[in-house]
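Visitor: Prediction below, plus the sequence it came from.
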Amino acid sequence: MASLKIGPILLLLVLTSGVVSAAENPDLFINQNNCKAKMGLACSREVFTSIFYTGAVTKKCCGELMVFGKVCHDAFVKKTLEDPLYKDLSESTVAKKSIQTWNTCALVIDISPSSSASEIISPAENPDFIIKENNCKTKMELPCAREVFTSIFKTGAVTKKCCGELKVLGKLCHHAFVKKTLEDLIYKNLSESAIAKKSTKTWNTCASVIDISPSSSA
């Protein structure tokens, strides 16, 4: 069997629920479905390992895999198996392991194993998807983003102007950004419950300042 070395390019070519037909073009599927933008590198590595080595996929990465979708999943395994490095691998064996990975994740995320869904997962499950789908990065300027961040992860108040920008950002994006920040290793020792309380406090304080409902997602 060929030595399985994971390079930067191969980390993008790792996912499947079944081998795409040789008559189909995986590159075309990847480009048409914007597959490369749908899964983070860390989860790509995790799913790759579960298929080509041994290992489990975390719930977080299962969420990313479901968002990634079955079309991209199939195309990437075909693309990976076309690499000469994998010429000695059994396609049927890889297909079985990839199907097992997909179906296991489908059960974890509680959708049908045969689904090709890219259904929205809560920010607690997949903040990257929420941020992308809701165009969150364009809704708040950097100075106000820094001000809100400081109020949650350090200490400080949020000005009325930045409370207005937080309202425009919306509660869904707000929660997703907080969750995304907590995934950074720099913040691994922080209490998620404590941060969640400060995040809610910041939102509710701003809601009262600019006269919106504390529960609003607007």
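Guide: Everything's here; your move.
Visitor: give me every residue that touches Met82.
Guide: Just to correct that, residue 82 is Glu rather than Met. Pro26 (C-beta atoms under 8 Å, 6 or more residues apart in numbering). C-beta: built from backbone N, CA, C; applies to glycine.
Visitor: If we use 7 Å, what do you get?
Guide: Contacts for Glu82 were tallied using C-beta atoms under 7 Å, 6 or more residues apart in numbering; there are none.
Visitor: same check, this time on Leu169
Guide: 136, 139-140.
Visitor: Output these in a markdown table, with neighbour count and secondary structure appended to each entry.
Guide: Shown next, in a markdown table, are the contacts of Leu169 (neighbours: other C-beta atoms under 10 Å; DSSP: H, G, I helix; E, B strand; the rest coil):
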| residue | neighbour count | secondary structure |
| --- | --- | --- |
| Cys136 | 19 | helix |
| Lys139 | 16 | coil |
| Met140 | 22 | coil |
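Visitor: Lys167 is in contact with Met140, correct?
Guide: No: here Met140 lies out of contact with Lys167, judged by C-beta atoms under 7 Å, at a distance of 10.0 Å.
Visitor: now this protein, which segments are flagged as low pLDDT?
Guide: 1-24, 110-125, 211-218 (pLDDT under 70).
Visitor: what about the helices in it?
Guide: Using DSSP state H, the helices of the chain run over residues 26-32, 41-52, 59-68, 70-81, 91-108, 127-133, 142-153, 160-169, 171-182, 192-209.
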